[in-house]
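K.L.:
generate coordinates for the sequence data below:
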Amino acid sequence: MKFSISSAELSDKIQLANGAIGSNMVVPILEDYLFVIEGNTMTISATDLETSITTEVDVIADQNGAVAVPGKILFDTLKALPEQPITVEVDDERFGIEITSSYGKYKLSGDNPEDFPSIPQADNTESVTLGVDLLREAISKTIFATSNDELRLAMTGVYTQIDFSKITFVATDAHKLVKYTFSGLSGDVNTTFIIPKKSLTLLKNALPESGEVQIAFNKSNAFFSFDGHSIVCRLVDAQYPNYNAVIPVDNPNRMTVVRRDLLNSLKRIAIYANKTTNQVILNIDEGSLTIEAQDLDFSNEAVEQLTCQYEGDPINIGFNAKFLMEMLNVLDTDEVILELSTPNKAGILLPSEQPDDEDLLMLVMPVMLSR
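P.N.:
Sure, this is the predicted structure:
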């Protein structure tokens, strides 16, 4: 089998698939790309058994065939080559691979494509179609709130609930929670599933600038298809916690503040906070927000004051500055709203303005006041 292709084009394609390749000494073939040629189309696949990525590229080939190509050496070779036509020749019996460029020849040992794991197929699925911008927004605004605790398996992914005309994405690590809802969906699907964090990160990086993404899903996998690419991920098999139970509904205290001012103030104040708790204290009164932090172990202390609009009773409440800054960084409105009830109940952070068909809510648990 022999085929020709632009080195830059092949590099772009395998870079997309590279996210699904890990270092797996137990199953070495998982470190390979699978190349399958039919006609003048080559399908490139990579998988770590949890997430699989498949993409297509046009080639000039002399016959159909397949080979598993070691990922790292091919990736590094193409990255080091300037853009130029290359020819790849494969020994169909021994799976030896020879790459020819204008600079010379490079030989490497491939593997039997029959040993490569099969990529899950979209059987018995339901599907919805989302705009690229919406999906990218949903991932960006939720993925940071997922947990890294494998003992809380459900929380390591983003919970997705499709309710006919509405789709909701939820992420939480028990300290913070994000709920993002879009109500402009069309279809007759009603289901829930949990998408792993790694898969969503790969998906976000692979999404094109515009267009649509078809999401198909069954009980085991989700299939994302766009622009000739396919990302398949094994869904998290766990029961998601009842997140609605932790969202306070009665929040009489409401502060509106300039997002950038609050974010920059937190960045400065957090330098002086205790490095274990990252606690900052918000002292909110009519027209005034005072932000304080101290680290008694090192006698560090800082305080700043901002102007704000506030309706409610004066309140002192502690939060983890890191969590607040993460939330403020993914919000994009000029002003944000912080709704509060009591110092021991969660705060609700909202954008000051939202489109009619979108609803974004962020929740952050308080850090109990240490003084």
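K.L.:
rest of the way, CA atoms for contacts and neighbours
P.N.:
Will do.
K.L.:
quick one, helices of the stretch 51-200 of the chain?
P.N.:
Assigned by DSSP state H, counting those that start in this stretch, the stretch 51-200 of the chain shows helices spanning 71-80, 132-142, 197-206.
K.L.:
report the inter-axis angle for the longest one versus helix 197-206.
P.N.:
On the basis of axes from the mean of the first three to the mean of the last three Cα atoms, to 10 degrees, helix 132-142 is oriented at 140 degrees to helix 197-206.
K.L.:
can you check the first one too?
P.N.:
With the same axes, to 10 degrees as the criterion, the two stretches helix 71-80 and helix 197-206 enclose an angle of 20 degrees.
K.L.:
what's the span of stretch 253-273, first residue to last?
P.N.:
25 Å (Cα to Cα, to the nearest Å).
K.L.:
buried ones in that stretch, by neighbour count?
P.N.:
253-260, 262-263, 265-266, 269-273 (16 or more other Cα atoms under 10 Å).
K.L.:
now it: average pLDDT?
P.N.:
The pLDDT scores in stretch 253-273 average 97.
K.L.:
what residues does that stretch touch?
P.N.:
The contact list for stretch 253-273 (Cα atoms under 8 Å, 6 or more residues apart in numbering) reads 278-280, 291-295, 300-304, 306-313, 321-322, 325, 328-329, 333-341, 352.
K.L.:
returning to that earlier point: restricted to strands, list the buried residues of stretch 253-273.
P.N.:
253-258 (DSSP state E).
K.L.:
now distance to residue 22 too, for those, in CSV please.
P.N.:
Below are these laid out as CSV (distance: Cα to Cα, whole Å):
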residue, distance to residue 22
253, 48
254, 47
255, 46
256, 45
257, 44
258, 43
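K.L.:
what is the nearest of those residues to residue 81?
P.N.:
Distances from residue 81 to those, taken as Cα to Cα, are shortest for residue 258 (48.3 Å).
K.L.:
and that closest one, how far from residue 334?
P.N.:
Counting by Cα to Cα - residue 258 and residue 334 are separated by 6 Å.
K.L.:
same question for residue 203.
P.N.:
According to Cα to Cα, residue 203 stands 28 Å off from residue 334.
K.L.:
swap in residue 83?
P.N.:
43 Å.
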